[in-house]
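Engineer: quick check, what structure comes out for this input:
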Amino acid sequence: MMTVAEKMTAAESKVTAEQLAVFGGVPLFSEPLHVGQPVLPDREQLLADFDAVMRSGQLTNHGPMVREFESTVARLSNVRHCIATCNATIALQIVARAMGLTGEVIMPAFTFIATAHAMEWIGLTPVFADVDPATHTLDADSAEACITSRTSAILPVHLWGNVCRPEQFTSMCKRHRLRLLFDSSHAFGCQSNNVPTGAFGDAEVFSFHATKFIHAFEGGAIVTNDDQLADRCRRLRAFGISGLTEVSDIGTNGKMHELSAAAGLRSIKSMPAILTANTDNRRAYAEICDVVSGLSLTPVPRGNFSNNQYLVLTVDEHRFGLGRDQLVSILRAEGVFARSYFAPGCHRSEPYRSDSTGRHVPVPLPVSEHLLKSVLQLPTGMAVSVGQIRQIGRLIASLHRTCHQIQRLWSLCDGRVKFHSADAAATRSPAPPVPAFREAG
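Structural biologist: Below you'll find the model as predicted:
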């Protein structure tokens, strides 16, 4: 029987392929590291905030916590209006309805499926364009090639906190008389040329889901400088009610409640500490990419300021020696719960892949197809230390050195590899050869 110290030594010295957990060795991390691990606020402070909500007697319907949350988000985004919602999907639907969108909405194929589903759910047609190979955000030329007489809006996504080039899309939408809505779910606290996200286009939508840079447990927000649009969004968020007895629109129930707003305000107060941790972790991962061939860290575009919430690597299989899916499997077995957002891609997910009309995919998507097979996301945030990242770095360097041994063993077991005990795939029967999980994007 191995002692705890012997197990730690075995886990940290993966010098041969046989020692990897994916082939039955001891995992590097018994407690897994996650992508998007929520940053929990101070328990006592948050409970005091919840107690204040309970004593106020108002739990929802635009109470004082929600109003303060909206005011704070609007100030940080340098906009006049913030309309807090129960989540970002509902926020996208509300603002699309408030804009009066019809027909087709152009968006990137390489994004979380919620962007597409939000439009499809309210009767609009998502049309998928390609993305920029460096930033992974919507490619302006590809988007323009998708415009038809049925197009009513363009919906770029500030992916990974990389702000799209707003001036390109603003000019395009003016030329074609289209509305411009940004999905900024990843981009709260980010900037482009010293302008914070929130002020671009007709409106932007933030996500405050638990995995995001700033979270409200669950939540979203519409931000805009358009007074009329903001007023209509507020009505649509609350059943279309415009007075005590008057209903003026077909609305929905998209309100954020007071406890989520309290959590969001507490999370915002932690922004400096979270940003520092994210920045330090990005620097540590960059050091890994500098010394391991075949891995590259997605850059922050020039002129951008990023919250660094997502740590995104591109794997060059020929130079690194292992494919992206193999690397994800090996890392997850070691307790490094890497992800492969957003495989298989919006255009290859239902209901879009089964549509035979071609209306969803009118242009080639070579960059998206490449990224869907080559990018992965690694754990970061305040739950991951620089020391742990250096352990991950040593592991990845060892994988690169022993890639030929790994490929031989992989072939011998026909890809039927071992899973970490905390991995949900380990409980499935039969277990899939490669883990395929999704989390909120």
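
Engineer: so, low pLDDT: which residues of the stretch 1-150 of the chain?
Structural biologist: For the stretch 1-150 of the chain, the stretches with pLDDT under 70 are 1-13.

Engineer: distance across stretch 332-340, terminal residue to terminal residue?
Structural biologist: 11 Å (Cα to Cα, to the nearest Å).

Engineer: pLDDT of it, averaged?
Structural biologist: Mean per-residue pLDDT for stretch 332-340: 96.

Engineer: what's the answer for stretch 315-324, then?
Structural biologist: Averaging pLDDT residue by residue across stretch 315-324 gives 98.

Engineer: in that stretch, which residues are buried?
Structural biologist: 315, 317, 320-324 (16 or more other Cβ atoms under 10 Å). In short, each C-beta sits where N, CA and C put it, glycine included.

Engineer: give me the residues contacting it.
Structural biologist: Residues from elsewhere that reach stretch 315-324, judged by Cβ atoms under 8 Å, 6 or more residues apart in numbering: 292-296, 327, 330, 340, 373-376, 399-400, 403-404, 406-407.

Engineer: these in strands, which ones?
Structural biologist: Taking DSSP state E as the definition of strands, these contribute 295-296, 375-376.

Engineer: any chance of TSV for those, columns pLDDT, neighbour count and distance to residue 222?
Structural biologist: Converted to TSV, the ones in strands among the contacts of stretch 315-324 look like this (pLDDT from 0 to 100; neighbours: other Cβ atoms under 10 Å; distance: Cβ to Cβ, whole Å):
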residue	pLDDT	neighbour count	distance to residue 222
295	97	21	37
296	97	19	35
375	97	22	29
376	97	21	31
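
Engineer: now, which of the residues you listed sits nearest residue 176?
Structural biologist: residue 375 (30.7 Å; Cβ to Cβ).

Engineer: roughly how far does the closest one sit from residue 260?
Structural biologist: Separation of residue 375 from residue 260 (Cβ to Cβ, to the nearest Å) stands at 31 Å.

Engineer: kindly report the same for residue 233.
Structural biologist: 18 Å.

Engineer: circling back to that earlier point, okay if I get the buried residues of stretch 315-324 as CSV plus secondary structure?
Structural biologist: Converted to CSV, those look like this (DSSP: H, G, I helix; E, B strand; the rest coil):
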residue, secondary structure
315, strand
317, helix
320, helix
321, coil
322, coil
323, coil
324, helix
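
Engineer: reformat those residues as a markdown table; add distance to residue 112.
Structural biologist: Shown next, in a markdown table, are the buried residues of stretch 315-324 (distance: Cβ to Cβ, whole Å):
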| residue | distance to residue 112 |
| --- | --- |
| 315 | 20 |
| 317 | 25 |
| 320 | 26 |
| 321 | 30 |
| 322 | 26 |
| 323 | 23 |
| 324 | 18 |
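
Engineer: check those and tell me the two furthest apart.
Structural biologist: Between any two of those, the greatest separation by Cβ to Cβ is 12.0 Å, found for 321 and 324.

Engineer: go through stretch 21-41 and flag the buried ones.
Structural biologist: For stretch 21-41, burial by neighbour count (16+ other Cβ under 10 Å) applies to 21-23, 25-29, 32-39, 41.

Engineer: can you list the domain ranges for the protein.
Structural biologist: 4-37+271-427, 43-269 (automatic domain parsing).

Engineer: out of these, indicate the one that is most buried.
Structural biologist: domain 43-269 (a mean of 21; mean count of other Cβ atoms under 10 Å).

Engineer: got the end-to-end distance for it?
Structural biologist: Start-to-end, domain 43-269 (Cα to Cα) is 14 Å.

Engineer: can you check stretch 131-151 too?
Structural biologist: End to end - Cα to Cα - stretch 131-151 spans 19 Å.

Engineer: before we move on, what about stretch 266-275?
Structural biologist: For stretch 266-275, the first and last residues are 15 Å from each other (Cα to Cα).

Engineer: mean confidence for it?
Structural biologist: The model assigns stretch 266-275 a mean pLDDT of 96.

Engineer: I'd like the distance from it to the chain centre, please.
Structural biologist: 18 Å (Cα atoms, centre = their mean, to the nearest Å).

Engineer: please apply the same query to stretch 227-247.
Structural biologist: 30 Å.

Engineer: same question, stretch 320-328
Structural biologist: Using Cα atoms, centre = their mean, the offset of stretch 320-328 from its chain centre is 22 Å.

Engineer: the strands in the stretch 301-441 of the chain, which residues?
Structural biologist: 304-305, 311-315, 336-337, 375-378 (DSSP state E, counting those that start in this stretch).

Engineer: of the ones you listed, which is nearest residue 364?
Structural biologist: strand 375-378 (18.9 Å).

Engineer: distance-wise, check the closest residue to residue 66 other than its chain neighbours relative to residue 59.
Structural biologist: Among residues not flanking residue 66 along the chain, residue 261 sits closest, at 4.4 Å (Cβ to Cβ, 6 or more residues apart in numbering). From residue 261 across to residue 59, the span is 11 Å (Cβ to Cβ).

Engineer: find the nearest non-adjacent residue to residue 383, please.
Structural biologist: Nearest to residue 383 is residue 37, by Cβ to Cβ, 6+ apart, at 4.1 Å.

Engineer: present the ones in strands among the contacts of stretch 315-324 as TSV; the columns should include distance to residue 124.
Structural biologist: Shown next, in TSV, are the ones in strands among the contacts of stretch 315-324 (distance: Cβ to Cβ, whole Å):
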residue	distance to residue 124
295	38
296	35
375	28
376	31
